[in-house]
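J.: Next one to model:
(one chain, ligands or ions: 1)
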Amino acid sequence: MQATPTNASPQSGGWSGRFDEPVAEIVKRYTSSIPFDYRLAEYDIAGSLAHARMLAACHVISAQDLSDIERGMAAITGEIQAGKFEWLLDLEDVHFNIEKKLTALVGDAGKRLHTGRSRNDQVATDVRLYTRAACDEIAKLLVALQRSFIAVAEQHADTILPGFTHLQVAMPVTLGHHLLAYVEMFARDYERIIDCRKRVNRSPLGAAALAGTTFPIDREMTAKALGFEAVCRNSLDAVSDRDFAIEFLSACTITMMHLSRISEELILWMSPRFGFIDIADRFCTGSSIMPQKKNPDVAELVRGKMARVQGHLVALTTLMKGQPLTYNKDNQEDKEPLFDTVDTITQTLIIYADMIGGIRVKADRMRAAASEGFATATDLADYLVRKGVPFRDSHECVARAVKAAEVKGVDLADLSLAELQSFSNVITDDVFASLTLEGSVAARKHIGGTAPERVREEIKFAKARLGAL
Ligand code: ARG
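T.: Take a look at the predicted model:
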């Protein structure tokens with residue numbers, strides 16, 4: 001849907017009788033939200049229909065009024081879907097645009113729709129419905145993303161690469177284990193978005209402008225009709241609260257942060273210095289001057305877009321800071337950050353699920369890197385401990401062995417038995433099993449460990465966790 005608002009209408013907003021002069025053109029453009037809030041139309045109509053049905057059930061409007069409103073809204077929905085609805089700048093926002101059009105179509109019934117409500121509870125309702133739909137979409141995409149990561153982890157349960165701390169080679173790990181670390185992050189992201197949805201899914205409708213209404217309304221009825229789990233219990237809070245949007249943006253920021261971390265790794269891994277992976281061409285671009293270049297643009301842009309989403313979170317918390325109760329026009333600024341976050345994160349999640357499935361793993365390069373940097377030094381220390389040497393002493397022995405190997409320019413596993421024995425006389429020829437990369441990872445088979453055997457277990461666990469959703 002595209003909106004190109006015009007100001008063809010001579011009508012001004014819904015309050016004009018009180019004013020002696022029309023709003024200045026520049027002010028109209030400055031205060032109008034229709035250029036972006038037209039995106040709330042479907043939720044605005046759903047909210048209006050629920051409100052109208054409730055008003056009729058409570059005998060505030062007649063059955064005839066309700067049927068006129070329903071007919072008008074059906075026509076409006078059709079026009080919007082066909083891209084034929086004319087959004088007018090003069091009518092400020094999506095709420096006025098739809099209401100005026102309804103009145104043009106069905107007359108007085110349209111004018112009765114706004115009985116017992118205000119744009120303040122209306123916009124809060126619309127934004128909550130929009131955010132709820134976004135939670136559902138993002139939750140679905142987070143599941144798909146986990147499935148993609150799990151599939152690659154499954155192919156690489158045995159593939160060894162160096163694990164890093166301080167970006168220095170630390171211990172060998174399996175690629176499956178490394179990817180499952182991200183599955184844990186995305187599983188938490190999923191939990192967070194589902195939890196956030198609970199607080200999104202409460203109905204402000206009926207709070208009216210701020211203090212409620214004198215009409216005998218049934219707030220439970222509109223809440224139920226719109227699929228809300230509960231009603232907001234305080235009318236002042238109902239119209240002014242945007243915590244739900246802030247929570248949502250926080251959850252999205254954390255997800256984007258996770259994606260920026262894996263992006264950073266993919267970028268490093270694709271650099272020829274690492275040479276661990278290749279990213280499929282469809283996610284990369286070349287250079288206009290350097291013919292040899294293939295750049296991991298998508299991963300870099302994801303890293304960059306995290307900043308954008310985090311910026312939106314900061315914008316919204318700052319927007320709410322120091323606002324007195326209840327609704328203030330400041331709140332109109334909640335929408336663009338929210339919409340842009342939803343657009344950004346949904347596209348990112350879709351692209352990422354495909355991109356991760358398309359990486360080409362260069363297992364030989366990973367293995368070679370794990371063989372450098374004495375990644376099995378801790379395994380040698382543990383070996384000595386198993387032979388009765390206190391850990392602090394074994395740590396010291398191994399440090400000396402590492403130094404000797406470094407001087408010789410070889411790995412620990414390349415030292416002869418006699419050389420190793422010069423650092424500790426408890427060493428026998430079974431030591432080499434501990435010094436191999438395979439021996440090192442295979443030994444870490446407890447819950448949370450990197451052993452291929454454990455990775456396969458965890459894949460089952462992660463799949464079952466998704467299956468149970
Ligand atoms: N366009 C407004 C917004 O986005 C709708 C609510 C306006 N309410 C008001 N009292 N001016 O927040």
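
J.: make it CA atoms for all contacts and neighbour counts henceforth
T.: OK.

J.: Where does the stretch 251-400 of the chain get nearest to the ligand, which residue?
T.: At 3.6 Å from the ligand, Q332 is the closest residue in the stretch 251-400 of the chain, using C-alpha to the nearest ligand atom.

J.: what do you get for the stretch 151-300 of the chain?
T.: A209 (7.3 Å).

J.: Isn't that residue up against D121?
T.: Yes: at 6.5 Å, A209 counts as touching D121 under the criterion of C-alpha atoms under 8 Å.

J.: list residues touching both of those two?
T.: Here A209 and D121 share the contacting residues V239, scored by C-alpha atoms under 8 Å, 6 or more residues apart in numbering.

J.: sorry, back to before: the residue of the stretch 251-400 of the chain closest to the ligand: neighbour count?
T.: When counting by other C-alpha atoms under 10 Å, one arrives at 16 neighbours for Q332.

J.: helix or strand for the residue of the stretch 151-300 of the chain closest to the ligand, which one?
T.: Applying DSSP states H and E as the criterion places A209 outside every helix and strand.

J.: Quick one: neighbours of it, just the number.
T.: A209 has 22 neighbours, counted by other C-alpha under 10 Å.

J.: and it, what does it touch?
T.: Taking C-alpha under 8 Å, 6+ apart as the test, what A209 contacts is 117-121, 239, 327.

J.: could you measure it against S118, distance?
T.: To S118, A209 is 5 Å away according to C-alpha to C-alpha, to the nearest Å.

J.: what does T436 give?
T.: 71 Å.

J.: And for Y383?
T.: Y383 sits 73 Å away from S118, going by C-alpha to C-alpha.

J.: Stretch 199-218: which residues count as buried?
T.: 199-210, 212-213, 217 (16 or more other C-alpha atoms under 10 Å).

J.: what sits up against the helix or strand that contains Q347?
T.: Using DSSP H and E, Q347 sits in helix 335-357. The contact list for helix 335-357 (C-alpha under 8 Å, 6+ apart) reads 36-37, 127, 134, 137-138, 141-142, 144-146, 148-149, 151-152, 245, 249, 252, 256, 279-280, 283, 302, 305, 309, 312-313, 315-316.

J.: May I see the ChimeraX selection of the buried members of those residues?
T.: This is the ChimeraX syntax for the buried subset of the contacts of helix 335-357, where burial follows 16+ other C-alpha under 10 Å:
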select :36,37,127,134,138,141,142,144,145,146,148,149,151,152,245,249,252,256,279,283,302,305,309,312,313,315,316
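
J.: Out of the contacts of helix 335-357, which are close to the ligand?
T.: Applying C-alpha under 6 Å from any ligand atom, the subset of the contacts of helix 335-357 adjacent to the ligand is empty.

J.: hang on, V385 in a helix?
T.: Yes: assessed by DSSP: H, G, I helix; E, B strand; the rest coil, V385 belongs to a helix.

J.: Excluding chain neighbours, give the residue nearest to it in space.
T.: In space, and not counting its chain neighbours, V385 is closest to F391: 5.7 Å by C-alpha to C-alpha, 6 or more residues apart in numbering.

J.: in the protein, what spans have low per-residue confidence?
T.: 1-15 (pLDDT under 70).

J.: Just give me the residue closest to the centre of it.
T.: With distances taken as C-alpha atoms, centre = their mean, the residue of the chain nearest its centroid is C252 (3.4 Å).

J.: which SS class is that residue?
T.: Taking three-state DSSP, the label given to C252 is helix.

J.: my guess is it contacts V309, does it?
T.: Yes: with contacts counted by C-alpha under 8 Å, C252 reaches V309, the gap being 7.4 Å.

J.: Contacts only, for A170.
T.: 162-164, 373-375 are the contacts of A170 under C-alpha under 8 Å, 6+ apart.

J.: Could you check how far it is from A369?
T.: Taken as C-alpha to C-alpha, the span from A170 to A369 is 11 Å.

J.: which neighbours do those two share?
T.: With contacts taken as C-alpha under 8 Å, 6+ apart, A170 and A369 have P162 as neighbours in common.

J.: just to revisit the earlier point, just the contacts of A209: which are in helices?
T.: 119-121, 239 (DSSP state H).

J.: Output the residues you listed in a markdown table, with distance to S260 and neighbour count appended to each entry.
T.: What follows is the ones in helices among the contacts of A209, written out as a markdown table (distance: C-alpha to C-alpha, whole Å; neighbours: other C-alpha atoms under 10 Å):
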| residue | distance to S260 | neighbour count |
| --- | --- | --- |
| R119 | 38 | 18 |
| N120 | 37 | 23 |
| D121 | 37 | 24 |
| V239 | 35 | 30 |
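
J.: ok, which of these also contact the ligand?
T.: Filtering the ones in helices among the contacts of A209 for proximity to the ligand by C-alpha under 6 Å from any ligand atom leaves 119-120.

J.: is it fair to say P272 lies in a strand?
T.: No: assigned with three-state DSSP, P272 falls outside any strand and is coil.

J.: All the strands of the chain, residue numbers only.
T.: Using DSSP state E, the strands assigned to the chain run over residues 160-165, 168-174, 202-203, 230-231, 277-278, 360-361.

J.: Tell me which of those sits most buried.
T.: strand 202-203 (a mean of 26; mean count of other C-alpha atoms under 10 Å).

J.: Now tell me what touches that strand from outside.
T.: Residues from elsewhere that reach strand 202-203 (C-alpha under 8 Å, 6+ apart): 125, 128, 223, 228-232, 238.

J.: just how off-centre is that strand within its chain?
T.: With C-alpha atoms, centre = their mean, to the nearest Å as the basis, the distance from the averaged C-alpha position of strand 202-203 to the chain average is 22 Å.

J.: what does stretch 349-366 give?
T.: 20 Å.

J.: Check stretch 269-278 too.
T.: 27 Å.

J.: likewise stretch 315-327?
T.: Put simply, stretch 315-327 sits 23 Å off its chain's centre (C-alpha atoms, centre = their mean).

J.: For that stretch, buried residues please.
T.: Using 16+ other C-alpha under 10 Å as the test for burial, stretch 315-327 gives 315-317, 319-320, 326-327.

J.: Please tabulate these in JSON lines, including the columns distance to Q81.
T.: Output for these, formatted as JSON lines (distance: C-alpha to C-alpha, whole Å):
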{"residue": "A315", "distance to Q81": "32"}
{"residue": "L316", "distance to Q81": "30"}
{"residue": "T317", "distance to Q81": "34"}
{"residue": "L319", "distance to Q81": "33"}
{"residue": "M320", "distance to Q81": "34"}
{"residue": "T326", "distance to Q81": "34"}
{"residue": "Y327", "distance to Q81": "31"}
